[in-house]
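Q: Pasting the sequence and the predicted coordinates here, then a few questions.
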Amino acid sequence: MPIYWKPWLMSLLMSNMITPLFFLSEHFEAWVVLGTALLTGATFIVLTAYSGFSRLLGLGHLAWIPMVIYLVGQVEHAESGSWFRLWLIAVIVLDTGSLFLDAANVVRYWLGERGEMVEGLSGEKPYALDQQL
């Protein structure tokens, strides 16, 4: 995977799976984000089994659409200047950006770009031991 994607992916991971853990005791929104992240992870497993690490994985974030809409409605209720409000805004911005990238990837998949986006994740072993013997 190109190195320039890694900070983006780490930001998504932190905002959707790690940071919500700090807000679970006080904010239902954190449960929504964490639950949606777990649903998304399960969807990725199914999609990867079907198509490998292809552009079709963009469909895995479909559950983010209602989540982001819900979170947008909650920002005004969060205390101004709080870490919680800052996190809500970060999740909305990052996940919305990812949804646009996902939409582009799914369109590209349907237009014929069906190959793996990251080499070596399909389970194929270029130098399997049994081939060398």
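A: On my side now, so go ahead.
Q: And stretch 33-49, how far out from the chain middle?
A: With CA atoms, centre = their mean, to the nearest Å as the basis, stretch 33-49 stands 8 Å off its chain's centre.
Q: buried residues in that stretch?
A: Within stretch 33-49, the residues scored as buried using 16 or more other CB atoms under 10 Å are 33-34, 36-37, 40, 43, 47-48. For the C-beta atoms, the positions are set from N, CA and C on the backbone; glycine is no exception.
Q: Stretch 7-21 too?
A: 12, 15-16, 19-20.
Q: that older thread, relative to Leu86, which of the buried residues of stretch 33-49 is nearest.
A: The shortest approach to Leu86 among those belongs to Val33, at 13.9 Å (CB to CB).
Q: Tell me which helix or strand the closest one sits in.
A: Per DSSP states H and E, Val33 falls inside helix 28-51.
Q: What mean pLDDT does that helix get?
A: Mean pLDDT, helix 28-51: 93.
Q: which stretches of this structure have low pLDDT?
A: Low-confidence segments of the chain (pLDDT under 70): 1, 119-133.
Q: So which residues of it form helices?
A: Here the chain has its helices, by DSSP state H, at 6-13, 28-51, 64-75, 83-110, 129-132.
Q: can you list the ones you listed in JSON lines and add distance to Val118?
A: Formatted as JSON lines, the helices of the chain follow (distance: least, CB to CB, whole Å):
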{"stretch": "helix 6-13", "distance to Val118": "11"}
{"stretch": "helix 28-51", "distance to Val118": "11"}
{"stretch": "helix 64-75", "distance to Val118": "21"}
{"stretch": "helix 83-110", "distance to Val118": "13"}
{"stretch": "helix 129-132", "distance to Val118": "22"}
